[in-house]
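J.: Below is the sequence, then the predicted model.
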Amino acid sequence: MGKFDNFLFFTCISILFLCILLTFSFFTPKKASDSENMVFIGKLDDKEIKEKTLSLIKPGDVILTKPKSLYDYYQYNKKVKGYSRNGFSNLFFYNLFDKILISSMGDTYWHTGIYIGDGIIDSLYLRNIEETFDNTIEHKYFKVLGVKTSDKNKSLAMERAKEHYRNQDVYYSLKNGLIIVFLESTGANWNLDIREDELVCSSYVALLYREINFDDKPFTYITPVNIEFSDLTETKFLVNETGFYMKK
Amino acid sequence: MKIRKETLERTIYIILLLNIILSLILSSIIVSFRGSGRDLLFFFENDKEFVLATLLAFVVLYPISFLIIYLATFIVQLLMRYKENGPAGN
């Protein structure tokens, strides 16, 4: 290779190593400390989980979910309308999302929604605002949080959820999602212009509960980890690979 | 079955160079997508948030896409040599 080629080669190699270094600096994996006292109820089957969840969950509660494994994520994507990823792209997205982006905020949940009663969970997905239930709890890896606020605020949040579902006027923004993960991961306190109708699932829940502050920052910056460890939320029960647990 | 050092260097060089452009384009496309109420739509916005998000996506995507393209190229080169020389590499 000539001199110019050598120069370009080493410049490109430097950029590659710089990118690897910056990825580790910006998105360092963190461990979320979960020290809550939970009582083990048992290892329940799908039907029992659904029945128990419906009997314990109250309108206005926040639900956090995540696929418990790579295979679970693949199965989930196959069931959700419009997603037809093959095994390789599934592996790529799962690892990119879970091992880099989510882990950088703490080993926490991926998705957030609000229970609005009658077996309906309202949440902002990649394509639109959806009302689901089975898709959310079939992960068998979720946590239900009660929000410490007045009944009036809960009613307002549910009304807003129904209105936004009808109007479909809040959009999922990958740009803002990446920015808030970066800000959460690095702890940076930058004042950026994030539009109130371009959100991710957690900031959408914060928009519905706009009367309360889950964290000391605007609702557009709220991440799942802010909701999970907020002083204004308390764990009611959770389901993971080992079984069903309730708060003591 | 060995690949010559010079060929390997040139392959890495070309991939590294092309990958910068490819990763930047891919990053800007990814961060431009927005939910539309039914589908994902492409919304290109030229603001500082877009530049920041594109750079962040580039930082993550560049090493990953380099690895993927390099592995794919390496396998293709091995297969081509195998086809030319046979299993013994003669």
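T.: Yep, it's here.

J.: Have a look at the chain and report the helix or strand with the lowest mean pLDDT.
T.: If you meant another chain, say so; for now it's chain A. Within chain A, no helix or strand scores below helix A:70-79, which has a mean of 72 by mean pLDDT, DSSP states H and E.

J.: my bad, chain B
T.: Least-confident helix or strand in chain B using mean pLDDT, DSSP H and E: strand B:40-42, a mean of 82.

J.: chain center to that one, what's the gap?
T.: Offset of strand B:40-42 from its chain centre (CA atoms, centre = their mean, to the nearest Å): 22 Å.

J.: Can you pull out the residues in contact with it?
T.: Residues from elsewhere that reach strand B:40-42, judged by CB atoms under 8 Å, 6 or more residues apart in numbering or on different chains: A:126-127, B:29, B:32-35. No exception for glycine: its C-beta is placed from N, CA and C like everyone else's.

J.: Write out the residues of chain B neighbouring chain A.
T.: B:9-10, B:12-13, B:16-17, B:19-20, B:30-40, B:45, B:47-50, B:52-53, B:56-60, B:62-64, B:66 (CB under 8 Å from any CB of the partner chain).

J.: Going through the residues you listed, which ones are buried?
T.: B:12-13, B:16, B:19-20, B:30-35, B:40, B:49-50, B:52-53, B:56-60, B:62-64, B:66 (16 or more other CB atoms under 10 Å in any protein chain shown).

J.: Residue A:28 against residue A:184, yeah?
T.: No - using CB atoms under 8 Å, residue A:28 is not in contact with residue A:184, being 11.6 Å away.

J.: pLDDT below threshold where in chain A?
T.: For chain A, the stretches with pLDDT under 70 are A:1, A:33-35, A:76-85.

J.: for it, longest helix please?
T.: What stands out as the longest helix in chain A, according to DSSP state H, is helix A:3-26.

J.: Say whether chain B is contacted by it.
T.: Yes - interface with chain B: helix A:3-26 contributes A:5, A:8-9, A:12-13, A:15-16, A:19-20, A:22-23, A:26 (CB under 8 Å from any CB).

J.: Are there helices or strands packed against the following helix or strand past that helix, and which ones?
T.: As assigned by DSSP states H and E, the chain's next helix or strand after helix A:3-26 is strand A:38-42. Packing partners of strand A:38-42 (3 or more CB pairs under 8 Å, 6 or more residues apart in numbering or on different chains; DSSP states H and E): strand A:233-240, strand A:243-247.

J.: Just the buried residues of strand A:38-42, please?
T.: So, applying 16+ other CB under 10 Å, buried residues of strand A:38-42: residue A:38.

J.: go on, stretch A:216-234?
T.: A:217, A:219-228, A:230, A:233.

J.: Which stretches in the chain count as helices?
T.: With no chain named, the answer covers chain A. A:3-26, A:46-56, A:70-79, A:87-94, A:103-105, A:134-137, A:151-167, A:174-186, A:201-208, A:224-228.

J.: could you do chain B instead?
T.: B:5-32, B:48-85.

J.: Show me how far the shortest one is from its chain's centre.
T.: Taking the mean of its C-alpha atoms, helix B:5-32 sits 5 Å from the chain's own mean (CA atoms, centre = their mean).

J.: Compute the inter-axis angle for that helix and helix A:3-26.
T.: With axes from the mean of the first three to the mean of the last three CA atoms, to 10 degrees applied, the angle from helix B:5-32 to helix A:3-26 works out at 50 degrees.

J.: helices or strands up against helix B:5-32?
T.: helix A:3-26, helix A:174-186, helix B:48-85.

J.: switch the cut-off to 6 Å
T.: helix A:3-26, helix B:48-85 (3 or more CB pairs under 6 Å, 6 or more residues apart in numbering or on different chains; DSSP states H and E).

J.: Just say which of the helices of chain A is most tucked in.
T.: Among the helices of chain A, the stretch with the highest mean neighbour count (mean count of other CB atoms under 10 Å in any protein chain shown) is helix A:201-208, at a mean of 27.

J.: That helix and chain B in contact?
T.: No - contact between helix A:201-208 and chain B is absent, the nearest approach being 10.6 Å (criterion: CB under 6 Å from any CB of the partner chain).

J.: thinking again about what came up before, with distance to residue A:40 as extra columns, can I get the helices of chain A in TSV?
T.: Compiled in TSV, the helices of chain A are given as follows (distance: least, CB to CB, whole Å):
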stretch	distance to residue A:40
helix A:3-26	37
helix A:46-56	13
helix A:70-79	21
helix A:87-94	28
helix A:103-105	26
helix A:134-137	18
helix A:151-167	29
helix A:174-186	31
helix A:201-208	28
helix A:224-228	20
